[in-house]
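1. got a predicted model here, sequence first, then my questions.
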2 protein chains.
Amino acid sequence: MDSKQMPGRLLRAPENFIDPAGVRRVVAEAKEGRRDFIRSAFAAAAAVASAGAARAAAPADGDPAILNLPEHTKGLGQPVVTDGYGQPSKYERNVQRRQSPGLTQTSQASVSFAPLQSLFGIVTPSGLHFERHHQGWWDIDPSKHRLMLNGLVKTPKVFTMDEIMRLPAVSRFHFIECGANTGMEWGNVAVPTCQYSHGMLSCSEFTGVPLITLLELAGADLKKGRFMLAEGADGSSMTRTIPASLVESGEVLVAYGQNGEMLRPENGYPLRLVVPGVQGVSWVKYLRRIEVGDQPWGAKDEAIHYMDLMPDGLHRQYTSIQECKSVVTTPSGGQVLLDKGYYSITGLAWSGRGRVRRVDVSVDGGRNWRTARLQEPVMSKCLTRFSTDWVWDGKPAIIQSRAIDETGYVQPARRQLREVRGTRSIYHNNAIQSWLVQESGEVGNVQVA
Amino acid sequence: MDSKQMPGRLLRAPENFIDPAGVRRVVAEAKEGRRDFIRSAFAAAAAVASAGAARAAAPADGDPAILNLPEHTKGLGQPVVTDGYGQPSKYERNVQRRQSPGLTQTSQASVSFAPLQSLFGIVTPSGLHFERHHQGWWDIDPSKHRLMLNGLVKTPKVFTMDEIMRLPAVSRFHFIECGANTGMEWGNVAVPTCQYSHGMLSCSEFTGVPLITLLELAGADLKKGRFMLAEGADGSSMTRTIPASLVESGEVLVAYGQNGEMLRPENGYPLRLVVPGVQGVSWVKYLRRIEVGDQPWGAKDEAIHYMDLMPDGLHRQYTSIQECKSVVTTPSGGQVLLDKGYYSITGLAWSGRGRVRRVDVSVDGGRNWRTARLQEPVMSKCLTRFSTDWVWDGKPAIIQSRAIDETGYVQPARRQLREVRGTRSIYHNNAIQSWLVQESGEVGNVQVA
């Protein structure tokens, strides 16, 4: 993993604020009247300059003409964007999804991880949404795409995109997490950053038609037809079994919208299944067919992959729900605390069973816990942002978070999870994550019992 | 306005679904066993083919080898995106912000409108967020950017971005609307689409530090200092007065995050003020200074622009709150209904005073109203998506929406607003919008009393 792949936003030292008397003097000198905006602006720039000069660590940019106003205050900026889609700042180029070299044999059957350590709030920008492909991604012409409903239905149907998009739609915020997220930790591989340990996780506002609406149009026999097969149109022909109980709740969506616009090609454009709370592989991309049947299908990705090898040598199958889990994203592996003092510990919590009820944070490896603030709105099967205050005393610290969902389920310690599940799984690792802060301020992934 | 600027997503005819017996036959022929995924895939493609053939209007694409599987089902797709920021589908190129030619003299002091007619849910993708610049946009180096707090404070302060980003942050979903949104309607100019009539409106999850936190660090005298001056760093040196009452509620944020990532350059990167419920001009971009004072500043954009010329010839000043408003985005101007039948009427409602309580929809120009469904979560000073069902009988119809907020305020009819405000305003037009559906199915902007 080269340095290019490290997270971009390091924690900086709590530099002292500029000497207040200095600011007052500069302002007083420059400010002759309230309407003298040009002079006031100059005063602000001058204050900035003396602030910069007062710092032990001088700014990297050594412009000697520091009293000059910056170009963006003097000049005419760029015109409105009228052709083309808006882009992030050039200074944010390091905030990208990253592939883990060597994790898979081909980059068409691979993963790119979302940069959780650089994200705020709960919405994942679609340009940074994690990817997991089984045979690469496609940009499918929506005018040619079709969705078929067949099986135990009175009236098999084929829908065009236009037909689907004319039906009553709903929009809901949900997380999506790959079942293999945090999978490397089963093998005692402490990957260096939360991008690589937890970055197969994203959260969006999805828009689509409840699958139950389409099934009702087709006259599905839901007494007998308790299992739906969802099938994708890409080369992997991904097929997954969706239990009717989830569909009947109205939660499962045939979705075309993500964060206000159409799905992105790498996330299933023009149509994907949204199965809230369930691992990402069931959110079938490029969705082309739903078949209603009377038993689980035992498809390839249900019979070979996405199963949990238990200590007794048997496999747990159809363990699709992503149990309650959380991770501290700041401070997290790869970041550096440049000095002692105040830090806001923040991270994400989620549960495939409903709402997050509480998140506790420890800075001493799980001996003591305190309850974190949860950012409203706390939504069901959606990421929840938590935060708490911390003053670092410069000594080694182990930072952890522990989420509890509305069912009362408590995110397990690593040891607790292994007692039940053994050590040979790949999927469904929802253990408490530990970040070790060293005296140097460097933060790394550490595996605590 | 050339055709390139029309909205991309037209409403299509309710084409009949494929003959059910035909689908069953094709499926039965192809399906020899459940595990025969390749053949099942072929069956789905064949069903699609016969569905296409059954349509009166043949697909634009005349591929004769229609029984062949599409390339995306046979081939290896594209690899995960590991370098670069994700982009929308090439088929969505028409979904863009648009400038209104001639609206302003230079494109640095101009507007680009968000394509509301093509958006879902409530989140506006940052790449489509409307823009309003007073002197163009800049991509400012965050390591050099500073925020100064001065005026009636005990300890004037200058903050670096790192210092701001280390403080406890909150994330909140809010709309932002330019005070001049829907301004053309004052002059009886019925602009053709909701992108141009209402597109200076967007909604994001913003992340930042409550301004009150920074003021407390500086020891602001809020007994005397009832007005904050917010000043931007770009060439327009935008200055706006923010009343202390809004700041004390904790709602006003010094924000760096938008939809999970850093603000976009055209929206104020690296720092902007977020003033929920208040017109966009007060959300000062490239924020560099907050001064605490004892009276409103009467800045240029408070004394010349962003005021309302009343019937008696006087101006209303400091009318910053965006009152309750709504607009139907589908069907809306520029779209075409290709046949009679079912349509889902949907749109957006918002209020600068709090939550939307109810939205009514009329299809007969305001004679009869029915209550629309509101999509949860309904958040304060945030867009709310509404929808209702409609079966079009093919006759002319006038579609309207009317929002009511939690204060009981009812969005006024055009006539009601003009009775109070006259006809010479530019700003703060929150009247009910009317869309005329002609017998041809064409939808246009019509000004109804």
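-> Alright, I've got the coordinates.
2. quick check: beta-bridge partners of the residue nearest the centre of chain A?
-> By Cα atoms, centre = their mean, chain A has its centre lying nearest to residue A:202, at 2.9 Å. Residue A:202 forms beta bridges with residue A:176, as assigned by DSSP bridges.
3. hey, where'd the strands end up in the stretch 101-250 of chain A?
-> Ranges of strands within the stretch 101-250 of chain A are A:111-113, A:131-132, A:146-151, A:157-160, A:170-177, A:201-210, A:227-232, A:239-243, based on DSSP state E, counting those that start in this stretch.
4. so how many other residues sit close to the closest residue to chain B within the stretch 101-250 of chain A?
-> Nearest residue of the stretch 101-250 of chain A to chain B: residue A:136, at 2.4 Å (Cβ to the nearest Cβ). Heads up, the C-betas are built off the backbone N, CA and C, glycines and all. As a burial measure, residue A:136 scores 21 neighbours (other Cβ atoms under 10 Å in any protein chain shown).
5. pLDDT score for it?
-> Residue A:136 is assigned 92 on the pLDDT scale.
6. any idea how far residue A:280 is from it?
-> Per Cβ to Cβ, to the nearest Å, residue A:136 is found 16 Å from residue A:280.
7. how long is stretch A:419-435 end to end?
-> Its start and end residues considered, stretch A:419-435 measures 22 Å (Cα to Cα, to the nearest Å).
8. return the set of buried residues in it.
-> Across stretch A:419-435, burial judged by 16 or more other Cβ atoms under 10 Å in any protein chain shown covers A:421, A:425, A:426, A:427, A:428, A:429, A:430, A:431, A:432, A:433, A:434, A:435.
9. stretch A:128-143 now?
-> A:128-142.
10. export it to PDB, keeping only CA atoms.
-> Listed in PDB are the C-alpha atoms of stretch A:128-143, where the atom choice follows Å, rounded to 0.1, in the frame of the first residue of the first chain:
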ATOM      1  CA  LEU A 128     -17.200   8.200  -3.400                       C
ATOM      2  CA  HIS A 129     -19.700   5.400  -2.900                       C
ATOM      3  CA  PHE A 130     -17.900   2.000  -2.400                       C
ATOM      4  CA  GLU A 131     -18.000  -0.400  -5.300                       C
ATOM      5  CA  ARG A 132     -18.100  -4.200  -5.300                       C
ATOM      6  CA  HIS A 133     -18.300  -5.800  -8.700                       C
ATOM      7  CA  HIS A 134     -18.500  -9.500  -9.600                       C
ATOM      8  CA  GLN A 135     -17.800  -9.000 -13.300                       C
ATOM      9  CA  GLY A 136     -17.200  -5.300 -13.800                       C
ATOM     10  CA  TRP A 137     -19.600  -2.400 -14.200                       C
ATOM     11  CA  TRP A 138     -21.600  -1.200 -17.200                       C
ATOM     12  CA  ASP A 139     -23.400   1.900 -18.300                       C
ATOM     13  CA  ILE A 140     -26.600   0.300 -19.600                       C
ATOM     14  CA  ASP A 141     -28.900   2.200 -21.900                       C
ATOM     15  CA  PRO A 142     -32.100   2.700 -19.900                       C
ATOM     16  CA  SER A 143     -34.300   2.800 -22.900                       C
END
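11. from the buried residues of stretch A:128-143, which is closest to residue A:240?
-> residue A:134 (11.3 Å; Cβ to Cβ).
12. would you mind measuring from that closest one to residue B:199?
-> From residue A:134 across to residue B:199, the span is 39 Å (Cβ to Cβ).
13. what's the answer for residue A:239, then?
-> For residue A:239, the distance to residue B:199 - Cβ to Cβ - is 41 Å.
14. next: residue A:89.
-> Distance, residue A:89 to residue B:199, by Cβ to Cβ: 23 Å.
15. more neighbours: those two, which one.
-> residue B:199 (28 against 20).
16. tell me the pLDDT of the more buried one.
-> Taking residue B:199 on its own, its pLDDT is 97.
17. if I read this right, it contacts residue B:118, doesn't it?
-> No - look at residue B:199 against residue B:118 with Cβ atoms under 8 Å: they stay out of range, at 10.5 Å.
18. who touches both of the two?
-> By Cβ atoms under 8 Å, 6 or more residues apart in numbering or on different chains, residue B:199 and residue B:118 have no common neighbours.
19. the nearest residue to residue A:422 once chain neighbours are set aside: how many residues sit nearby?
-> Distance criterion Cβ to Cβ, 6 or more residues apart in numbering or on different chains; nearest residue to residue A:422, sequence neighbours excluded, is residue A:311 at 3.6 Å. Per other Cβ under 10 Å, the neighbour tally for residue A:311 reads 13.
20. can you check residue A:244 too?
-> Residues lying near residue A:244 (other Cβ under 10 Å) number 22.
21. and the closest residue to the residue of the stretch 101-250 of chain A closest to chain B other than its chain neighbours, what's its pLDDT?
-> Ranked by Cβ to Cβ, 6+ apart and with sequence neighbours excluded, the top spatial neighbour of residue A:136 is residue B:77, at 2.4 Å. You'll see residue B:77 listed with a pLDDT of 91.
22. so residue B:77 makes contact with residue A:108?
-> Yes - counting by Cβ under 8 Å, residue B:77 does reach residue A:108; the two are 5.9 Å apart.
23. list residues touching both of the two?
-> Shared contacts of residue B:77 and residue A:108, counting by Cβ under 8 Å, 6+ apart, come down to A:133, A:135, A:136.
24. now do the contacts for the first one.
-> Okay, so that is residue A:133. Listed by Cβ under 8 Å, 6+ apart, the contact set of residue A:133 reads A:108, A:109, A:110, A:234, A:236, A:266, B:77, B:79, B:80.
25. low-scoring stretches of the stretch 251-400 of chain A, by residue?
-> Within the stretch 251-400 of chain A, no range satisfies pLDDT under 70.
26. nearest residue to the residue in it that chain B sits nearest to other than its sequence neighbours?
-> Residue of the stretch 251-400 of chain A nearest chain B, by Cβ to the nearest Cβ: residue A:257 (3.6 Å). Of all residues not flanking residue A:257 in the chain, residue A:207 sits nearest, at 3.0 Å (Cβ to Cβ, 6+ apart).
27. mind listing what that neighbour touches?
-> If you count contacts by Cβ under 8 Å, 6+ apart, then residue A:207 has A:169, A:170, A:171, A:253, A:255, A:256, A:257, A:258, B:120, B:121 around it.
28. what separation do you get for residue A:112 and residue B:168?
-> Residue A:112 is 31 Å from residue B:168, by Cβ to Cβ.
29. compare the two and say which is more crowded by neighbours.
-> Counted by other Cβ under 10 Å, residue A:112 and residue B:168 do not tie: residue A:112 has more neighbours, with 26 against 16.
30. helices along the stretch 51-200 of chain A, start to end?
-> A:71-74, A:161-166, A:194-198 (DSSP state H, counting those that start in this stretch).
31. out of the ones you listed, which comes closest to residue B:440?
-> Per Cβ to Cβ, nearest to residue B:440 of the helices of the stretch 51-200 of chain A: helix A:161-166, 18.5 Å.
32. how about the closest one, does it reach chain B?
-> Yes - Helix A:161-166 is in contact with chain B by Cβ under 8 Å from any Cβ of the partner chain, via A:162, A:163, A:166.
33. which stretch among the strands of the stretch 101-250 of chain A comes nearest residue B:284?
-> When those are compared by Cβ to Cβ, strand A:201-210 sits nearest residue B:284, at 27.2 Å.
34. report the secondary structure state of residue A:416.
-> Taken by DSSP: H, G, I helix; E, B strand; the rest coil, the conformation at residue A:416 corresponds to helix.
35. count of residues packed around it?
-> Look at residue A:416: counted by other Cβ under 10 Å, it has 14 neighbours.
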